[in-house]
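**Student:** how would this look folded up:
(2 chains)
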Amino acid sequence: MAKNRFVPWIVPVILLAAWQLSSQFGLLSSKVLPNPVAVVESAVELARSGQLFDYIGASSKRALVGFLIGGGIGFALGLSNGLFKTAESLLDSTLQMIRNIPHLALIPIVILWFGIEEEAKLFLVALGTFFPIYLNTFHGIRSVDKALIEMGDVYGLKGTALFWHIILPGSLPSILVGVRYALGVTWVTLIVAETIASNSGIGYMAMNAREFMQLDVVVLSIILYALLGKLSDLLAKIAEKRLLKWHPSYQK
Amino acid sequence: MASKEKEIVLEVDDLQKSFGSHQVLRKIDLKVKKGEFVAIVGRSGCGKSTLLRLLAGLEKASSGTIFINGKPLSGKNPSVKIMFQDGRLLPWKKILQNVGLGLQGDWKECANQMLKQVGLDGRANDWPSELSGGQKQRVALARALVHEPEILLLDEPLGALDALTRIEMHQLIQSLWLEKNFTAILVTHDVEEAVALADRVILIENGEIAMNYPVKLPHPRKRDHALFSSTVNHILNRILGDGGHHGLRAAKN
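**Tutor:** So this is what the prediction gives:
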């Protein structure tokens, strides 16, 4: 068992060692890629000055707020379109049309509308997270087993009771898939948005460092994005495990 | 026990049901006495499940009326509960919560009590996915009976179970029926099951009642009784005989 735990780490450790060694022996110029130790040193330095946490904080806040706005609207519309046929016929085809626009293609117009202020980034993140959550909520509700709804009907469940006992729990697996996917989109969107125009956050840190040729800080920012993305996926996974305890695929 | 003058709890009067141009039930007339156990048999697609769904209020009749306790049925009647072939437990609720579905007030006590009666005390806190097929059907049975229905409809509830589990379930259903005195209507394709449980076996063919056969054996039924197997054979021959005839006719056309 213990052996298995370490197996996934073998390749990353070898790569890291190879990276460190090749920069140490001059095979890899520090102008191309700084060595891992330098990246860690710059992280420590930025952490000591407190800047690192400001940057991480600013980006995380954007990610969270944008995700909540976009995800919230997506969830609400997914619910209403999934539950009510009239809402679906009124809204769904419009939403499907908008869905075909890549949200990052809107960056120029978003900058014109909002400048490089917070709203621009929140708008893009919200737009990016909206669709995965909308689609999966909608689909989740529609694919709840009709037999279970009929059963609930026999046992006198109507309206909100039917929703809480059967429809929502039945669509939760699908909704959570949407959440995980949307979290991925959140970080990708944020990276692009922060890199193009920003005065705080990890993207700003990277672009700032680029101007001063601080390659170690640039690499650090890439690693930070990766870690934050991984962290939010982990949180979503934990939520999945807790909320879907009943699901055979989540039982140990 | 079986007094002739028992009141009629369910009456079906000239019931017809079509899906589009396909007529599933042509003309069904049926009277069921209070506390009676009626089994409905027939080949697959004969309309027996449709009849049960009509009684449960899950489908609307094309014409004709169903009376429950003398009142015409419209929508669902809360004193009628149906048990489905596929159990239909909510996978996201623990066993106890599944049994208590739709109950109000102090339901946990009743649900626990009912679980005990179907032999599943101790499983209250398990997920449905942890139960075997037979156990799931026990839960579904408990969920139906906890409402103390006057009429229990059983839609091939044991169709997916193995032979041994089935016999156990027959015994369970029978003992609960004898104890609680509800009226039971069982749809099944298994003639032996029908004879093991029912006071009366009804055969549906081509959307009509083709046979109404009282089973004159004392409850609880003994399978090694000579009359048991002859009753089963009699009904089976009746179903198969007519089916062969139909096959011939179909081949000629």
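**Student:** point out where the chain drops to low pLDDT.
**Tutor:** You didn't pick a chain, so chain A it is. Across chain A, residues meeting the criterion (pLDDT under 70) sit at A:1-3, A:252.
**Student:** ah, I was thinking of chain B
**Tutor:** Checking chain B against pLDDT under 70 turns up B:1-5, B:242-253.
**Student:** now the helices for it?
**Tutor:** If you assign secondary structure with DSSP state H, the helices in chain B sit at B:48-56, B:95-99, B:107-117, B:133-145, B:163-180, B:191-197, B:226-252.
**Student:** dump the ones you listed to JSON lines, plus mean neighbour count and distance to residue A:115.
**Tutor:** C-beta: built from backbone N, CA, C; applies to glycine. As requested, the helices of chain B are arranged in JSON lines below (neighbours: other Cβ atoms under 10 Å in any protein chain shown; distance: least, Cβ to Cβ, whole Å):
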{"stretch": "helix B:48-56", "mean neighbour count": "24", "distance to residue A:115": "62"}
{"stretch": "helix B:95-99", "mean neighbour count": "24", "distance to residue A:115": "53"}
{"stretch": "helix B:107-117", "mean neighbour count": "17", "distance to residue A:115": "59"}
{"stretch": "helix B:133-145", "mean neighbour count": "23", "distance to residue A:115": "60"}
{"stretch": "helix B:163-180", "mean neighbour count": "16", "distance to residue A:115": "70"}
{"stretch": "helix B:191-197", "mean neighbour count": "24", "distance to residue A:115": "75"}
{"stretch": "helix B:226-252", "mean neighbour count": "13", "distance to residue A:115": "78"}
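**Student:** pull the number of nearby residues for residue A:156.
**Tutor:** By the measure other Cβ atoms under 10 Å in any protein chain shown, the count of residues near residue A:156 is 15.
**Student:** these two touch, right, it and residue B:104?
**Tutor:** No - the pair residue A:156 and residue B:104 fails to qualify as a contact (Cβ atoms under 8 Å) at a distance of 9.1 Å.
**Student:** dump the helices of chain B into a markdown table; add distance to chain A as well.
**Tutor:** Below are these laid out as a markdown table (distance: least, Cβ to the nearest Cβ, whole Å):
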| stretch | distance to chain A |
| --- | --- |
| helix B:48-56 | 7 |
| helix B:95-99 | 9 |
| helix B:107-117 | 12 |
| helix B:133-145 | 7 |
| helix B:163-180 | 18 |
| helix B:191-197 | 22 |
| helix B:226-252 | 28 |
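**Student:** can you check which of those helices gets nearest to residue A:197?
**Tutor:** In terms of Cβ to Cβ, the element of the helices of chain B nearest to residue A:197 is helix B:95-99, at 51.8 Å.
**Student:** which strands and helices lie in contact with that closest one?
**Tutor:** Using 3 or more Cβ pairs under 8 Å, 6 or more residues apart in numbering or on different chains; DSSP states H and E as the contact test, the elements touching helix B:95-99 are helix B:107-117, helix B:133-145.
**Student:** so which of the ones you listed comes closest to residue B:214?
**Tutor:** Checking those against residue B:214 by Cβ to Cβ gives helix B:133-145 as the closest, at 25.3 Å.
**Student:** which stretches of chain A form helices?
**Tutor:** Per DSSP H, chain A carries helices over the ranges A:2-24, A:36-49, A:51-83, A:85-99, A:107-114, A:118-142, A:146-154, A:159-162, A:168-196, A:202-211, A:215-243.
**Student:** turn those into TSV, including mean neighbour count and distance to residue B:139.
**Tutor:** Converted to TSV, the helices of chain A look like this (neighbours: other Cβ under 10 Å; distance: least, Cβ to Cβ, whole Å):
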stretch	mean neighbour count	distance to residue B:139
helix A:2-24	10	38
helix A:36-49	15	56
helix A:51-83	19	28
helix A:85-99	12	33
helix A:107-114	14	54
helix A:118-142	23	25
helix A:146-154	18	12
helix A:159-162	12	20
helix A:168-196	21	17
helix A:202-211	20	52
helix A:215-243	17	23
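**Student:** can you redo these as CSV with distance to chain B?
**Tutor:** Formatted as CSV, the entries for these read as follows, by distance: least, Cβ to the nearest Cβ, whole Å:
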stretch, distance to chain B
helix A:2-24, 26
helix A:36-49, 43
helix A:51-83, 18
helix A:85-99, 20
helix A:107-114, 40
helix A:118-142, 13
helix A:146-154, 4
helix A:159-162, 8
helix A:168-196, 4
helix A:202-211, 38
helix A:215-243, 9
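**Student:** let me have the helices of chain B in TSV, extended by distance to residue A:201.
**Tutor:** Written out in TSV, the entries for those read as follows (distance: least, Cβ to Cβ, whole Å):
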stretch	distance to residue A:201
helix B:48-56	60
helix B:95-99	45
helix B:107-117	52
helix B:133-145	52
helix B:163-180	62
helix B:191-197	69
helix B:226-252	75
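**Student:** any idea how far residue B:205 is from chain A?
**Tutor:** With the distance defined as Cβ to the nearest Cβ, to the nearest Å, residue B:205 ends up 27 Å from chain A.
**Student:** and that residue, what does it touch?
**Tutor:** If a contact means Cβ atoms under 8 Å, 6 or more residues apart in numbering or on different chains, then residue B:205 has B:42, B:43, B:46, B:239, B:242 as its contacts.
**Student:** same question, residue B:114
**Tutor:** When the contact criterion is Cβ under 8 Å, 6+ apart, the partners of residue B:114 are B:99, B:142, B:143, B:145, B:146.
**Student:** next one: residue A:161
**Tutor:** If a contact means Cβ under 8 Å, 6+ apart, then residue A:161 has residue A:152 as its contacts.
**Student:** repeat that with 10 Å
**Tutor:** Taking Cβ atoms under 10 Å, 6 or more residues apart in numbering or on different chains as the criterion, residue A:161 is in contact with A:152, A:155, B:101, B:102.
**Student:** for my notes, please list the helices and strands packed on helix B:95-99 in CSV and give distance to residue A:231 for each entry.
**Tutor:** As requested, the helices and strands packed on helix B:95-99 are arranged in CSV below (distance: least, Cβ to Cβ, whole Å):
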stretch, distance to residue A:231
helix B:107-117, 40
helix B:133-145, 39
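**Student:** so which of those helices is nearest residue A:210?
**Tutor:** Of all those, helix B:133-145 comes closest under Cβ to Cβ, at 61.5 Å.
**Student:** and the closest one, what does it pack onto?
**Tutor:** The contact analysis (3 or more Cβ pairs under 10 Å, 6 or more residues apart in numbering or on different chains; DSSP states H and E) places helix B:133-145 against helix A:146-154, strand B:80-83, helix B:95-99, helix B:107-117, strand B:151-155, helix B:163-180.
**Student:** now the contacts of residue B:114 as a markdown table including distance to residue B:215?
**Tutor:** Below are these laid out as a markdown table (distance: Cβ to Cβ, whole Å):
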| residue | distance to residue B:215 |
| --- | --- |
| B:99 | 31 |
| B:142 | 27 |
| B:143 | 28 |
| B:145 | 23 |
| B:146 | 28 |
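**Student:** which two in those are spaced the farthest apart?
**Tutor:** Once Cβ to Cβ is applied, the contacts of residue B:114 give B:99 and B:145 as the farthest pair, at 9.3 Å.
**Student:** next, count neighbours for the residue of the stretch 1-150 of chain B found nearest chain A.
**Tutor:** With Cβ to the nearest Cβ as the measure, residue B:102 is the residue of the stretch 1-150 of chain B nearest to chain A, at 3.5 Å. The number of residues packed near residue B:102 is 20, by other Cβ under 10 Å.
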